[in-house]
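K.L.:
My questions are about this predicted structure, shown below with the sequence.
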Amino acid sequence: MKAKKCSIVLDDLSRSTGGNKRCWTLQSFRSGVRVPRWVLSAALGALLFLTVYHLRAIRERDRKVSMSAHTRDLSAKGRDSVEARLDLLKAAAENNHQDEAVEYPVKHMTAPDKPLTISHGSGEDKDEDENDEGDLVSDQKATKLTDDQIRMIDAAIDDMSENKKNLMHWLFEKYVLPGSPDALQAWSPDRDIKERPGYFRPGNWDWTMTKAGEYDPNLYSPPFGELPRQRFPQAIMIGSGHCGTRALLDFIQMHPHVVVAHSEVHFFDDQFNRGMEWYLGQMPYSFSNQITLEKSPSYVMYPNAAREVYAMNRDVRLLMVVKDPVVSLMSSFSRRNAGKKNYSYSFLTTVNGTTSVNSDLYIVARGMFFVHLKHWLRFFSKSQILVLDGGALVKDPITQIQTVERFLGIPPKLTSRNFFFNQTKGFYCMVPFTMRAPKCLGVNKGRPHVPLDPEVKTLLYNFYKPYNEQLFRFLGKRFDWEPKDTV
Ligand SMILES: Nc1ncnc2c1ncn2[C@@H]1O[C@H](COP(=O)(O)OS(=O)(=O)O)[C@@H](OP(=O)(O)O)[C@H]1O
């Protein structure tokens with residue numbers, strides 16, 4: 001027997017059965033219009049979706065209302081209301097760790113004169129390229145809040161707009177409360193240092209939030225209502241070691257639109273088997289109007305790295321600092337032989353009585369810049385790669401950094417005001433927008449080089465000349481890499 005076609009008869013009151021099928025019917029109209037069952041299912045589905053959506057919207061509205069009630073409560077009770085403050089902190093913290101963008105106070109915030117107990121470390125850097133540990137907050141010492149601190153926080157809070165208050169509360173909880181002896185006692189030394197209360201590392205969530213809060217709003221404001229998150233780099237400094245990469249990284253990270261990975265990640269040359277998620281985890285937190293930059297100066301020497309970077313982001317911008325290769329080689333050689341009275345030129349090799357430069361050595365091959373760059377040009381266009389002369393970076397950092405700003409497509413912000421020449425160090429140092437003290441590169445950068453015998457110098461310059469010429473032809477310009485008296 002042929003089964004009855006299943007449909008809805010709008011003027012039939014009964015639930016009818018036909019063959020082995022069961023069909024629902026509705027009584028609404030007299031017309032007897034037939035509505036297929038899938039239409040009814042779709043309508044029910046849409047109704048369900050709208051209901052859930054509406055309920056979520058109500059919940060979200062309530063959450064925001066309760067946040068502002070907390071803020072009002074705080075203002076009403078004034079500075080003595082520790083309880084109200086803690087409530088707000090908790091609410092802010094809970095809301096903060098959600099992925100969604102919350103109505104968060106980032107639009108008009110500026111730093112109070114004294115930003116709580118947050119410290120970024122001061123004076124000269126450690127050699128960040130070799131030491132990967134982050135700076136710690138407050139000297140790592142647990143201190144109970146003093147009356148002065150409380151007064152300072154309250155004064156800062158009183159002095160702020162509603163939006164800024166939320167941020168300060170959050171900072172208070174993040175940096176001041178965790179520094180209390182109780183919180184520190186609860187932390188066990190077996191745990192990852194990064195989980196330690198008060199741990200504060202450039203580039204992490206807290207750092208990015210704090211730094212954003214310290215800029216003058218005319219200089220930088222994160223997009224309203226946005227929270228920072230980790231992103232794959234849009235720019236990578238792929239080379240070259242001992243050419244001034246740290247200087248370039250530190251200089252450009254003064255720019256509020258740039259956030260940099262704290263240490264060299266070496267993902268594409270060394271850590272690739274850890275996977276992309278791990279790589280993402282190494283990236284600093286950023287807002288969407290910032291560029292994430294990573295520097296691992298040996299990438300350039302790994303052809304596979306070019307392919308993998310391309311697979312990650314074919315629009316990535318690549319920065320490469322090069323330098324007179326003899327000077328760069330001597331930088332590396334001098335660091336290895338620092339303090340030694342006797343050293344041999346290990347980058348030379350003698351075969352059958354003839355001495356030549358050993359191009360099999362990493363420190364020698366590194367200076368054959370165009371040999372490495374060629375691999376990257378298989379994947380990236382010339383316009384995606386900015387090659388800078390590290391010598392020019394030493395002499396005139398401002399011009400070089402402004403070139404980088406244009407290359408990265410970020411607004412011009414860095415000026416001569418951000419640099420000063422330090423006579424003692426013999427190099428330019430930085431005056432970041434957000435720091436209270438100027439900052440020079442670490443003691444490992446800019447050290448005197450060991451002397452070089454004239455014949456060896458000639459050998460080296462002759463060796464590198466053809467590679468240099470290749471690079472100059474490609475760039476369409478020359479760098480001042482003629483033999484120098486001191487290298
Ligand atoms: N402003 C400023 N201050 C200090 N040092 C500066 C600066 N600008 C460039 N340089 C030069 O940077 C050289 C070190 O290069 P890198 O940072 O690429 O080296 S590393 O491979 O990351 O270790 C380093 O080489 P050495 O002089 O041999 O130490 C410096 O010449």
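P.N.:
It's in. Residues are numbered from 1 along each chain as shown.

K.L.:
quick one: low-confidence parts of this structure?
P.N.:
For the chain, the stretches flagged by pLDDT under 70 are 1-33, 60-202, 435-437.

K.L.:
Show me how the record splits it into domains.
P.N.:
Domain assignment for the chain by automatic domain parsing gives 67-214, 236-475.

K.L.:
what about the longest one, start to end distance?
P.N.:
Here the two ends of domain 236-475 are set 19 Å apart, with distance taken as CA to CA, to the nearest Å.

K.L.:
Next, see if that domain gets close to the ligand.
P.N.:
Yes. For domain 236-475 and the ligand, the contact criterion (CB under 6 Å from any ligand atom) is met by 241-247, 297, 331, 393-394, 427-428, 441, 445-447. C-beta here means a position set from N, CA and C on the backbone, and glycine is covered the same way.

K.L.:
near the ligand, which residues of the stretch 101-250 of the chain?
P.N.:
So far as CB under 6 Å from any ligand atom goes, the stretch 101-250 of the chain lies against the ligand at D129, G241, H242, C243, G244, T245, R246, A247.

K.L.:
Narrow those residues to those in helices?
P.N.:
T245, R246, A247 (DSSP state H).

K.L.:
Just among these, which is most surrounded?
P.N.:
Using other CB atoms under 10 Å as the neighbour test, those are led by T245, with 25 neighbours.

K.L.:
Test my guess that that one contacts K323.
P.N.:
No. Using CB atoms under 8 Å as the test, T245 is too far from K323 to be in contact (9.8 Å).

K.L.:
ok, back up a step: for the ones in helices among the residues of the stretch 101-250 of the chain next to the ligand, could you give me a markdown table that also reports distance to L50?
P.N.:
Listed next are these as a markdown table, based on distance: CB to CB, whole Å:
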| residue | distance to L50 |
| --- | --- |
| T245 | 55 |
| R246 | 56 |
| A247 | 57 |
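
K.L.:
ok, so of the residues you listed, who is nearest H375?
P.N.:
T245 (18.6 Å; CB to CB).

K.L.:
which non-adjacent residue is nearest the closest one?
P.N.:
P297 (4.5 Å; CB to CB, 6 or more residues apart in numbering).

K.L.:
SS state for the residue in the stretch 301-450 of the chain that the ligand sits nearest to?
P.N.:
Proximity to the ligand, evaluated over the stretch 301-450 of the chain using CB to the nearest ligand atom, is greatest for S331 at 3.0 Å. Using DSSP: H, G, I helix; E, B strand; the rest coil, the structure places S331 in helix.

K.L.:
who's in contact with it?
P.N.:
Shown in contact with S331 (CB atoms under 8 Å, 6 or more residues apart in numbering): H242, K323, H449.

K.L.:
quick one on the thing from earlier: right, and the residue nearest to T245 touches A247 too?
P.N.:
No. Contact criterion CB under 8 Å: P297 and A247 do not qualify, at 11.7 Å.

K.L.:
residue boundaries of the strands in the stretch 151-300 of the chain?
P.N.:
For the stretch 151-300 of the chain, strands defined by DSSP state E, counting those that start in this stretch occupy the ranges 229-230, 235-239, 258-260, 285-286, 291-295.

K.L.:
now those strands as a markdown table including mean neighbour count?
P.N.:
Shown next, in a markdown table, are the strands of the stretch 151-300 of the chain (neighbours: other CB atoms under 10 Å):
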| stretch | mean neighbour count |
| --- | --- |
| strand 229-230 | 17 |
| strand 235-239 | 27 |
| strand 258-260 | 25 |
| strand 285-286 | 22 |
| strand 291-295 | 24 |
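
K.L.:
returning to that earlier point: between the contacts of S331, identify the one with the most neighbours.
P.N.:
K323 (26 neighbours).

K.L.:
So that one versus W481, what's the distance?
P.N.:
8 Å (CB to CB, to the nearest Å).

K.L.:
Return every residue with contacts to both of those two.
P.N.:
G391.

K.L.:
Reformat the contacts of S331 as TSV; add distance to A261.
P.N.:
Output for the contacts of S331, formatted as TSV (distance: CB to CB, whole Å):
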residue	distance to A261
H242	20
K323	22
H449	29
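
K.L.:
Among those residues, find me the one that's closest to Y464.
P.N.:
Using CB to CB, these come closest to Y464 at K323, 11.1 Å.

K.L.:
Leaving out chain neighbours, which residue sits closest to that closest one?
P.N.:
G390 (3.5 Å).

K.L.:
and if you look at S286?
P.N.:
V259 is the one closest to S286 (CB to CB, 6+ apart), at 4.5 Å.

K.L.:
isn't the one you found right next to T208, touching?
P.N.:
Yes. Using CB under 8 Å, V259 is in contact with T208, at 6.2 Å.

K.L.:
which residues are common contacts for those two?
P.N.:
Joint contacts of V259 and T208 (CB under 8 Å, 6+ apart) are P284, Y285, S286.

K.L.:
Surely K457 touches T486?
P.N.:
No. Applying CB under 8 Å as the test, K457 and T486 come out as separate, 9.8 Å apart.

K.L.:
which one of those two has more residues nearby?
P.N.:
With neighbours defined as other CB under 10 Å, K457 and T486 compare such that K457 has more, 18 against 10.

K.L.:
residues in contact with that one?
P.N.:
Taking CB under 8 Å, 6+ apart as the test, what K457 contacts is V326, P483, V487.

K.L.:
How many neighbouring residues does the last one have?
P.N.:
Residues lying near V487 (other CB under 10 Å) number 19.

K.L.:
Confirm for me that it is in contact with S328.
P.N.:
No. Between V487 and S328 there is no contact under CB under 8 Å: 9.3 Å.

K.L.:
wouldn't P438 be in contact with V431 here?
P.N.:
Yes. Between P438 and V431 there is a contact at 4.9 Å, judged by CB under 8 Å.

K.L.:
Quick check: which element contains H54?
P.N.:
Using DSSP states H and E, H54 sits in helix 37-77.

K.L.:
do V321 as well
P.N.:
Secondary structure (DSSP H and E) places V321 in strand 317-322.
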